[in-house]
Each structure stands twice: as structure tokens, then as C-alpha cells.
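J.: the sequence and its predicted three-dimensional model are supplied below.
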Amino acid sequence: MSSGAGKEVKRQLCPHSVAVAVSNSASRMPAHVKFLIRHALIGFSMGLGAVALIVSQDLFRIGTLIGASSDRWLALGLLGFMFGLTFGSAQMGFAIMLLADRDD
């Protein structure tokens, strides 16, 4: 008996079947989506870094204000998320606008 390891097995599906065969190329993420996600994460981390610097250096007494608050984790989380969202959006915009300068 041969195991059929070298043969490619194709499965026939009826038109009303729920199972869908997905090729490897269709399941991969497109390059432009990877590009945007990468730059959004870079910008988000820059925003979190900016919040860390602002709070640790107590610029404009924000660190003192957050430290004196009863909801300090909520304030810090909202500040970090909003800075991350803003910096991430700006980084994606810069990356898209500077894309035309590439000679790839």
C-alpha cells in the first residue's frame, strides 16, 4: 500500500458546503496593511513614551496632578491612550505622505 505522501489531494466541495478552501496567498495580510499597522504601532509607542516623559519629569505639574487624583490609573490610561492614538495617526500620515519620496 502506498501512503500517497507525494500526491496532492484535492477535495471536492459541493456548492452549498460551508467549508471553504483558502489558499496560502489569500490568507496572508497585504503589504499595505502591514505597512500601516507597523507605523501605527511605532507612533503609538512614541505617544506612550511621550506620556512617560511628561509624567516622570512632571511637566506642567501633570505628574503631581495625576498622582493626587483618586483615579490615577484611569487618568494615566486615558492620557496614554489619547497620546498613543494621536501619535499613531500622525505617524501613519507621515509614512503615507513620505511614501512618494521612495525610489523602490
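T.: Structure's in. What do you need? Numbering: from 1, shown residues only.
J.: only C-alpha atoms for contact and neighbour calcs from this point on.
T.: Noted.
J.: any idea which element the spatially most central residue of the chain lies in?
T.: In the chain, the residue lying closest to the centroid (Cα atoms, centre = their mean) is I37, at 4.1 Å. Per DSSP states H and E: I37 is located in helix 31-57.
J.: output the contacting helices and strands for that helix.
T.: Counting contacts by 3 or more Cα pairs under 8 Å, 6 or more residues apart in numbering; DSSP states H and E, helix 31-57 packs against helix 62-68, helix 72-97.
J.: deepest-packed of these, please.
T.: The highest average neighbour count among these, using mean count of other Cα atoms under 10 Å, belongs to helix 72-97 at a mean of 17.
J.: same for that helix, what does it pack against?
T.: By 3+ Cα pairs under 8 Å, 6+ apart, helix 72-97 packs against helix 31-57, helix 62-68.
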